[in-house]
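*Asks:* I need the structure of the sequence given here:
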Amino acid sequence: MYIPLQSVLPDSSKKIDRDKVASIYLESHPLQLQYIWPHMLDQKAKQPMLVYAPLDDYYVEYIDALSGKVVKSR
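*Replies:* Residues are numbered from 1 along each chain as shown. The predicted model follows:
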């Protein structure tokens, strides 16, 4: 990542605390208990795994560390 030397970055001392961000994230990405069967190329795991995973298909989102708003990146 390139950041010009004269750039002014947001003040990280004003960030939202981690527990609040986790709460915001889980509100917008509710989890559901489900089974998955991991695989890579032609190799499949010996057994399925029981996991908590988001209800929606995965897509990239961020939580703005200053405002706490969800930022979608599609």
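*Asks:* does residue 22 sit in a helix, a strand or a coil?
*Replies:* helix (DSSP: H, G, I helix; E, B strand; the rest coil).
*Asks:* quick one: end-to-end distance for stretch 52-64.
*Replies:* Using CA to CA, to the nearest Å, the end-to-end distance of stretch 52-64 comes to 24 Å.
*Asks:* that stretch - what's its average pLDDT?
*Replies:* For stretch 52-64, mean pLDDT rounds to 76.
*Asks:* distance from it to the middle of the chain?
*Replies:* 6 Å (CA atoms, centre = their mean, to the nearest Å).
*Asks:* for that stretch, buried residues please.
*Replies:* Buried positions in stretch 52-64, judged by neighbour count with 16 or more other CB atoms under 10 Å: residue 63. Glycine gets a C-beta too; all of them are placed from N, C-alpha and C.
*Asks:* what do you get for stretch 17-37?
*Replies:* Quick answer for stretch 17-37 (16+ other CB under 10 Å): 21, 24.
*Asks:* residues contacting it, please?
*Replies:* 16, 44-45, 47-56, 61, 63, 65, 68, 70 (CB atoms under 8 Å, 6 or more residues apart in numbering).
*Asks:* ranges for the strands of the chain?
*Replies:* Secondary structure of the chain (DSSP state E): strands at 31-36, 39-40, 43-44, 49-54, 61-63, 70-72.
*Asks:* now do the first one and strand 49-54, the angle between them.
*Replies:* With axes from the mean of the first three to the mean of the last three CA atoms, to 10 degrees defining the directions, strand 31-36 sits at 140 degrees from strand 49-54.
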